[in-house]
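J.: could you work out the structure for the sequence below:
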Amino acid sequence: DNDTPGILVGESITVLEEGTTSDSIDVVLTSQPAPGVVVDVTVVLDGTDEASTEVVTISFDASNWDSPQSVLFTALDELVVDGDQISAITFEVSSDDADWDALSDRVRTVTTVDNDVAGMDSTDVTVDEEGETSDDIIVSIPTAPESPITVQVACTSDVAGEFTFISDEFTLSEAGETHAVTVTASDEIVVDGDQIGNCTFVVVDGPDEWMDITSDSSVTVLDNDVPSFTVTDIVIPEGQEDAGIIEINVPTTPNAPITITVTGDGSDEFAPQEITVVVDEAGTYELLVDSLDEFFIDGDQIDTLTFTITDGPSEWTDLGSEVAGVAVLDDDVAGIEVSPSVVVDEEGETSESVTVTLTASPNEGETVEVTVTVATDDTEFGVEEVVMVFDSSNWNVPQEVVVTAIDELEIDGDQSFADAITVTVTGASADEDIWTSIDAEVRGVLVLDNDEPLAITGGSQGHMAGIALVSVALGVALLGVARVRRNAYEA
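T.: This is a model prediction of the structure:
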């Protein structure tokens, strides 16, 4: 017999991860074993994470020694970016027959072509300013690196402050592994519409094929801010600077400054009647209002100021106007002001004036009559009774009556007349009931007496006799008749 034991193994093979393809290697003996001899070939595959086989051992004997037996190998897609991998396949021969058992192992290879590439995915998110909601960007790698990778995140937005995020680095190492980055909307109270930002994830450490790989996620922030403004009403007293404050409340910030024009209808009750206010951020703005005193008895007046946005983004200028009510409390009361009582002197027959004005103005075209009467005789002083007429042009211009002392040459001492002059509103062309109901004002007159008794000097009583009537030629009127005894005059 010239046959010797031998084994024939097919060539090495290549399989693909893409589609997990398969290929086979045939094994056959080169000679027939003796009857009863079994030759086992054990298949040992190195690198079982790259390819697989279901065959572990094949057996040959005298009946099938020349029939090739196929060993099927199938690629495994292990989702690791590791390049093409070559795995050794060892065919180990064993038998109870020493000649066959002595055969050396045969080694072939299976090359697994890698279809895995480095890549990273991340999801988009939408968050809402209303309630400042949050959502997670899910970052994942579909394939595994040979060693962990480190990922950094950076987020930007055209408008600052739209959302916040967690910026810590994180690592990924397994295929399909994910990491959540939480994004939270910020309610910046700016009327800027929905904003779209971006988060970029970049690999900053790991195998070379992973370095600088990036993934972008969009972040949509739904704007809940709407343009609006309100104004407050005020009630103010009459005739006071900085009498009240109208508050202009702007709850949201415009994305460009707005101009609010304030206009009135020309009221003479308060100011300003026209002014502009520039608003560039949310807040409360104050408009100081001065009340004016027009001195008319017109009662409390209610007027308005209109606030209109005249310049700025269209969503603001499209807003309607707001109106603030301004109530001015009238402090003008119908009345007369009369100067104090007067003192006049007989010496030189001096004069003093009693002046009269109104406390408030009649309306334009209306008049008020004030009558001055004298309730005494004209022996001590003289006053002319007059009727004064006041209107809107002279209501606060004093009109006067003149009191003049009369030297009546009587030694009667100072004379006081408490109710000498009465000032009374006796008529009005309008609102007569109001004006004529004013209480009359009474003023007094004090007349200082300058008259003194006459001092008589001359000869002794022995030289005077009879009765003599002292002459008033000296300028003094005696209250009685002086009688003296007159004796014969001796030369």
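J.: and the helices in this structure?
T.: In the chain, the segments counted as helices under DSSP state H are 98-101, 314-317, 432-436.
J.: okay, those helices in CSV with mean neighbour count and mean pLDDT next?
T.: Bear in mind the C-beta positions are built from the backbone N, C-alpha and C, glycine included. Shown next, in CSV, are those (neighbours: other C-beta atoms under 10 Å; pLDDT from 0 to 100):
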stretch, mean neighbour count, mean pLDDT
helix 98-101, 14, 96
helix 314-317, 15, 96
helix 432-436, 16, 93
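J.: out of those, which gets nearest to Pro340?
T.: Ranking those by proximity to Pro340 (C-beta to C-beta) places helix 432-436 first, at 22.8 Å.
J.: what mean pLDDT does stretch 337-357 get?
T.: Averaging pLDDT along stretch 337-357 gives 94.
J.: what of stretch 175-182?
T.: 95.
J.: quick check, central residue of the chain?
T.: Gly283 (2.0 Å; C-alpha atoms, centre = their mean).
J.: in this protein, where is pLDDT below threshold?
T.: 1-2, 376-377, 454-491 (pLDDT under 70).
J.: where's the residue nearest to the centre of the chain relative to Glu247, distance?
T.: From Gly283 across to Glu247, the span is 10 Å (C-beta to C-beta, to the nearest Å).
J.: neighbours of Val344, just the number please.
T.: When counting by other C-beta atoms under 10 Å, one arrives at 22 neighbours for Val344.
J.: dump the residue contacts of it.
T.: Residues in contact with Val344 (C-beta atoms under 8 Å, 6 or more residues apart in numbering) are 350-352, 381, 403-405, 445-448.
J.: got the helices of the chain as JSON lines, with distance to Gly266 columns?
T.: As requested, the helices of the chain are exported to JSON lines (distance: least, C-beta to C-beta, whole Å):
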{"stretch": "helix 98-101", "distance to Gly266": "123"}
{"stretch": "helix 314-317", "distance to Gly266": "25"}
{"stretch": "helix 432-436", "distance to Gly266": "27"}
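J.: thinking again about what came up before, show me what the residue nearest to the centre of the chain is bridged to.
T.: Under DSSP bridges, the beta-bridge partners of Gly283 are Val250.
J.: again with Thr184
T.: Beta-bridge partners recorded for Thr184 (DSSP bridges): Ser134, Thr164.
J.: who's in contact with it?
T.: 127, 132-134, 163-165.
J.: equivalent analysis for Ser94, please.
T.: 39-40, 42, 101.
J.: roughly how far does the closest residue to Ile275 other than its chain neighbours sit from Ser314?
T.: Leaving aside its chain neighbours, Ile275 sits nearest to Val262 (4.9 Å; criterion: C-beta to C-beta, 6 or more residues apart in numbering). The gap separating Val262 from Ser314 is 21 Å, by C-beta to C-beta.
J.: what about the closest residue to Val342 other than its chain neighbours, neighbour count?
T.: Counting by C-beta to C-beta, 6+ apart, the nearest residue to Val342 once its immediate chain neighbours are dropped is Glu352, at 3.7 Å. Neighbour count of Glu352, defined by other C-beta under 10 Å: 20.
J.: distance to Asp391 added to the contacts of Val344, as CSV?
T.: Shown next, in CSV, are the contacts of Val344 (distance: C-beta to C-beta, whole Å):
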residue, distance to Asp391
Thr350, 32
Ser351, 27
Glu352, 27
Phe381, 31
Val403, 26
Thr404, 29
Ala405, 33
Val445, 29
Leu446, 34
Val447, 35
Leu448, 38
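J.: can I get the buried part of those residues as one ChimeraX selection?
T.: Selecting only the buried entries of these in ChimeraX, with 16 or more other C-beta atoms under 10 Å as the criterion:
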select :352,381,403,405,445,446,447
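J.: of the contacts of Val344, which is the nearest to Val372?
T.: The closest of those, once distances to Val372 are taken by C-beta to C-beta, is Val403, at 10.6 Å.
J.: would you agree the closest one is in contact with Gly382?
T.: Yes: at 7.5 Å, Val403 and Gly382 qualify as touching, with contact defined as C-beta atoms under 8 Å.
J.: check contacts around Val333.
T.: 297, 359-360.
J.: mind listing what the closest residue to Ile248 other than its chain neighbours touches?
T.: Of all residues not flanking Ile248 in the chain, Tyr285 sits nearest, at 4.3 Å (C-beta to C-beta, 6+ apart). Residues counted as contacts of Tyr285 (C-beta under 8 Å, 6+ apart) are 247-248, 250, 277, 279.
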